[in-house]
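Novice: Just need the structure, nothing else, for what follows:
(one chain, ligands or ions: 1)
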Amino acid sequence: MFGSLSALPADPILGLSAKYRANTNPKKIDLGVGVYKNEAGHTAVLKCVKAAEKHRLDTEDTKVYIGPTGSSLFNEEMAKLIFGHHKVLLENRTRTVSTPGGTGALRVAAEFINSCKAGATIWISNPTWTNHIGVFEAAGLNVKTYPYYDYENKTLDFDGMLAALKEVKADDAVLLHACCHNPSGMDLTKEQWQQIAEVAKNVGFLPLIDMAYQGFGEGLEEDAYGLRLMADSVKEMIVCSSCSKNFGLYRERIGACSIIAQNTHSADIANSVMLKVVRCIYSMPPAHGAAIVETILLSDELRAQWYIELQEMRDRINSNRTLLVDKIAAAGVTRDFSFIARQKGMFSFLGLTPEQVQQLQDEYSIYMVGSSRMSIAGIAQSNVDYLAQSIAKVL
Ligand code: LMR
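Specialist: Next up is the predicted model:
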């Protein structure tokens, strides 16, 4: 049976890590996968996570099955983190399950949408995280795109986006990035969110919000502004969130899928369908990451420590953005790269051709996705001059 298979290319994002690791050039720079790195280029375990793990090690007394919903304490705390004091919680219209990472949440959401309407259409931004397409298609959804990033002017094609979303059908789903758009770093302003929420209300499509970077843009509350506004306007919505980046729990695979329904009764029905979806994919989520997150969020001390560490990560990424813009100019490049400093979160497109990206990799050992998406956290004081000069050379 296996003889009918042909080998597939490596994942465009994850495949870069293996190439980077195999490179022996001491000057190599990894701007590939979206993981936070400190000035030394290391992705350290957060101090609040270490403390929570120690606590769990001392107190955990069973490894018995946790059930498809996952930890109810984690789910409650995540819902508060995502929705704040929003009326959807007070009205008891949300149901949250713990998932294996943000990708697990997206797959659960996609299967859930497919259970509502087999082969439903989901609209995704052009561009988006490449794996969105794979995850949605694997669940049987029909993927279409709406305009989003204006590559020419390095900004948002908001008019194009708005016009496209007005034409979406009422029983379609629309994927929106809550903050820190991956791969462009180009986020909606508050006013633009208001307009999109208005369109969602008028058209009646289902918003599916992907929030993989809460706290990496402007702050935990600020980054949830758009989705909370959307939840004011629509009756049904899904939010997929991830603890990979903001808690640095990448390999623990912990995220959440939250459904907002019209009322409590409908929420219970939706939840039963979501649990069936979970049971048929992975039965129940891993527990360790959820236990760490709930321990942090339920402890005043650890939560305060987390806020500090999250702010450090956010501030470092933002300062890397201005640092790179300044260094590229100092390397004698006349093209305007100031857009990088205006964008948010972990990524921006440098705006190079695939050939120039390949040249950076082959001749300078600098790794970024072929679209010229850079993971800004890979920049450091120690490598930024070399990076800027190499960019100047390929330009
Ligand atoms: C990324 O976009 O680099 C991250 O979300 C990691 C991944 O799984 O692709």
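
Novice: contacting residues for the residue in the stretch 1-150 of the chain positioned nearest to the ligand?
Specialist: Taking C-beta to the nearest ligand atom as the measure, the stretch 1-150 of the chain has Gly34 as its residue closest to the ligand, at 3.2 Å. Placement of C-beta: from N, CA and C, glycine included. If a contact means C-beta atoms under 8 Å, 6 or more residues apart in numbering, then Gly34 has 13, 182, 245, 346-347, 375, 377 as its contacts.

Novice: check those residues against the ligand, which are close?
Specialist: With C-beta under 6 Å from any ligand atom as the criterion, those include 13, 182 near the ligand.

Novice: Tell me who's in contact with Arg316.
Specialist: Going by C-beta under 8 Å, 6+ apart, the list of residues near Arg316 reads 38-39, 377.

Novice: Point out the least confident member of the contacts of Gly34, please.
Specialist: Of all the contacts of Gly34, Ile13 has the smallest pLDDT value, namely 93.

Novice: Next, count neighbours for it.
Specialist: The tally of other residues near Ile13 (other C-beta atoms under 10 Å) stands at 19.

Novice: Repeat that for Ala138.
Specialist: Using other C-beta under 10 Å as the criterion, Ala138 is surrounded by 12 other residues.

Novice: how near is Glu294 to Ala256?
Specialist: In this view, Glu294 and Ala256 are 11 Å apart by C-beta to C-beta, to the nearest Å.

Novice: More neighbours: which of the two?
Specialist: For Glu294 against Ala256, the residue with the higher neighbour count under other C-beta under 10 Å is Ala256, and the figures read 30 against 21.

Novice: what's near enough to touch the residue of the stretch 151-300 of the chain found nearest the ligand?
Specialist: Scanning the stretch 151-300 of the chain for proximity to the ligand using C-beta to the nearest ligand atom identifies Asn182 as nearest, at 5.2 Å. Residues near Asn182 by C-beta under 8 Å, 6+ apart: 34, 128-129, 212-213, 345-347.

Novice: Check Lys87 too.
Specialist: Asp232.

Novice: if you set the cut-off to 6 Å instead, what comes out?
Specialist: Taking C-beta atoms under 6 Å, 6 or more residues apart in numbering as the criterion, Lys87 is in contact with no other residue.

Novice: Next, find the distance separating it from Met284.
Specialist: Summarising the geometry, the distance separating Lys87 from Met284, computed by C-beta to C-beta, is 30 Å.

Novice: Next: Ala22.
Specialist: Taking C-beta to C-beta as the measure, Ala22 falls 36 Å from Met284.

Novice: ok so, going back, make TSV out of the contacts of Arg316 and add secondary structure, distance to Thr322 and neighbour count.
Specialist: Output for those, formatted as TSV (DSSP: H, G, I helix; E, B strand; the rest coil; distance: C-beta to C-beta, whole Å; neighbours: other C-beta atoms under 10 Å):
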residue	secondary structure	distance to Thr322	neighbour count
Asn38	coil	18	13
Glu39	coil	15	12
Ala377	helix	14	25
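
Novice: Check the protein for its longest helix and report it.
Specialist: Ranked by residue count under DSSP state H, the longest helix found in the chain is helix 300-330.

Novice: Give me the average confidence score over it.
Specialist: For helix 300-330, the mean pLDDT works out to 98.

Novice: Name the residues of that helix that are buried.
Specialist: Buried residues in helix 300-330, counting neighbours by 16 or more other C-beta atoms under 10 Å, are found at 302, 305-306, 309-310, 313-314, 316-318, 320-321, 323-325, 327-329.

Novice: is the ligand contacted by it?
Specialist: No - residues of helix 300-330 contacting the ligand under C-beta under 6 Å from any ligand atom: none, with a closest distance of 13.7 Å.

Novice: now stretch 88-102
Specialist: No - contact check for stretch 88-102 against the ligand, using C-beta under 6 Å from any ligand atom: none in range, with a minimum separation of 7.5 Å.

Novice: re earlier: check the secondary structure at the residue of the stretch 1-150 of the chain closest to the ligand for me.
Specialist: Gly34 carries the three-state label coil when classified by DSSP: H, G, I helix; E, B strand; the rest coil.

Novice: any idea how far Val357 is from it?
Specialist: Between Gly34 and Val357 the computed distance is 16 Å (C-beta to C-beta).

Novice: Kindly report the same for Pro9.
Specialist: Pro9 sits 16 Å away from Val357, going by C-beta to C-beta.

Novice: repeat for Asp58
Specialist: Asp58 sits 48 Å away from Val357, taking C-beta to C-beta as the criterion.

Novice: So which of those two has more stuff around it?
Specialist: Neighbour count, other C-beta under 10 Å: between Asp58 and Val357, Val357 has more, with 21 against 7.

Novice: just the strands in the stretch 1-150 of the chain please.
Specialist: For the stretch 1-150 of the chain, strands defined by DSSP state E, counting those that start in this stretch occupy the ranges 29-30, 94-99, 121-126, 142-147, 149-150.

Novice: Return the list of helices and strands in contact with the last one.
Specialist: Taking 3 or more C-beta pairs under 6 Å, 6 or more residues apart in numbering; DSSP states H and E as contact, there are no helices or strands that strand 149-150 lies on.
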